[in-house]
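# no letters, just coordinates:
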Ligand code: FAD
């Protein structure tokens, strides 16, 4: 296994109503962070649909940075997925993070139950490198952690090249998942999803959305700096840097930063791990 650390960034696209121009400044800043790739999230639903494909195309053509397009299948039909894949292919996108997406009332009728169904469809279509999601603390709907690792093995066997993990704050959770996945024969690389804490409000929202737990070390930071936003911001970014450095000591070589489109956050973390890249 190569020792070179991989460092990638996740951004979200603007809403269709805002137009692609809204992301230009963000991408100019992110390109200076020199990521190995930038992944662009996907929002299903007409009102919320963003510009995932266009942002990926712009990133690749303007900055020469490979893009990974997220694609969710909940609520989609085989026809709508085929249309998305065709558009991505025409835009020169080679990599897709294949996801189920969250289930909401409007997404119940679908040709796809799981991300693995979408992966099969993408494989039938051909021409794409697959990425998949994994969950260091287990997916909220899973009956057991074992089930999650079985799903990772299914994704692995469908050709996933790399797993991008859900955010987590306790490194032991990620290392446990890695060890269990390796035991079950997962050979794809595992990238640790790191979400820098930038404010108390942001962390509460992220924990609600992801189901990640807040370990004591983090709640102590939140209480210590509850009246000092600037100090909390710095302490949160330092925590992310420490998380990466200590995982690297444990042999983890790939990191995916949830940037929330914040250039300063991405640059700060990159500076903190520069010597490892
Ligand atoms: P799945 O792999 O389908 O898993 C969902 C549940 O089904 C799990 O409990 C799993 O154990 C079970 N399961 C899976 N496959 C099978 C099977 N074959 N048989 C039986 N059980 C199975 N959401 C968005 O809407 N847009 C995004 O851009 C986005 N980006 C994300 C990026 C990352 C890195 C991560 C970790 C998540 C992202 N999400 C995004 C959220 C994601 O859509 C949700 O977490 C969703 O609930 C599950 O997606 P999944 O692909 O992991 O689903």
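Alright, I've got the coordinates. Since we're looking at a predicted model, the values are computed, not measured. Numbers count the residues shown, from 1 in each chain.

# going forward, measure contacts between C-alpha atoms and count neighbours the same way
Will do.

# and the residue of the stretch 151-277 of the chain found nearest the ligand, how many neighbours?
Here the residue of the stretch 151-277 of the chain nearest the ligand is residue 166; by Cα to the nearest ligand atom that distance is 3.7 Å. Neighbour count of residue 166, defined by other Cα atoms under 10 Å: 23.

# and residue 175, by the same measure?
Residue 175 has 17 nearby residues by other Cα under 10 Å.

# just residue 34 next, same as before
16.

# residue contacts, the residue of the stretch 151-277 of the chain closest to the ligand?
133-136, 192-193, 210 (Cα atoms under 8 Å, 6 or more residues apart in numbering).

# ok, which pair from these is furthest apart?
Farthest-apart pair in those is 192 and 210; separation 14.6 Å (Cα to Cα).

# counting neighbours, go ahead and name the busier of those two.
residue 192 (29 against 15).

# give me the three-state assignment for the more buried one.
Three-state assignment for residue 192 (DSSP: H, G, I helix; E, B strand; the rest coil): strand.

# for it, which non-adjacent residue is spatially closest?
Distance criterion Cα to Cα, 6 or more residues apart in numbering; nearest residue to residue 192, sequence neighbours excluded, is residue 255 at 4.7 Å.

# list the helices and strands the strand or helix carrying the one you found packs on?
Residue 255 is part of strand 254-258 when elements are defined by DSSP states H and E. Packing contacts for strand 254-258, counted by 3 or more Cα pairs under 8 Å, 6 or more residues apart in numbering; DSSP states H and E, involve strand 6-11, strand 189-194.

# list the neighbouring strands of it plus their orientation.
For strand 254-258, the pairing partners within the sheet under DSSP bridges are strand 6-11 (parallel), strand 189-194 (parallel).

# after the first one, next one along is what?
Next in sequence after strand 6-11, counting helices and strands by DSSP H and E, comes helix 24-32.

# packing partners for whichever helix or strand comes after that next one?
Next helix or strand after helix 24-32 toward the C-terminus (DSSP H and E): strand 38-40. Contacting strand 38-40 under the criterion 3+ Cα pairs under 8 Å, 6+ apart are the following elements: strand 6-11, helix 52-63, strand 67-72.

# need the ones you listed in a markdown table (columns: distance to the ligand and mean neighbour count).
A markdown table is the format used below for the helices and strands packed on strand 38-40 (distance: least, Cα to the nearest ligand atom, whole Å; neighbours: other Cα atoms under 10 Å):
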| stretch | distance to the ligand | mean neighbour count |
| --- | --- | --- |
| strand 6-11 | 8 | 22 |
| helix 52-63 | 9 | 21 |
| strand 67-72 | 5 | 25 |
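
# and the nearest residue to residue 154 once chain neighbours are set aside, how far from residue 122?
Excluding the flanking residues, the one nearest residue 154 by Cα to Cα, 6+ apart is residue 116, at 7.3 Å. Using Cα to Cα, to the nearest Å, we find residue 116 at a distance of 10 Å from residue 122.

# outside of stretch 236-248 itself, list whatever touches it.
By Cα under 8 Å, 6+ apart, the list of residues contacting stretch 236-248 reads 169, 171, 194-199, 221, 255, 265, 268-269, 272-273.

# out of these, list just those in helices.
171, 221, 265, 268-269, 272-273 (DSSP state H).

# just the closest of those to residue 10, please.
Once Cα to Cα is applied, the member of these that ends up nearest residue 10 is residue 265, at 11.9 Å.

# what separates the closest residue to that closest one other than its chain neighbours from residue 91, distance-wise?
Nearest residue to residue 265 in three dimensions, chain neighbours excluded: residue 259, at 6.5 Å (Cα to Cα, 6+ apart). With the distance defined as Cα to Cα, residue 259 ends up 24 Å from residue 91.

# will you turn the strands paired with strand 254-258 into TSV that also has mean pLDDT?
Listed next are the strands paired with strand 254-258 as TSV, based on pLDDT from 0 to 100:
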stretch	mean pLDDT
strand 6-11	98
strand 189-194	98
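
# pLDDT score for residue 239?
pLDDT for residue 239: 97.
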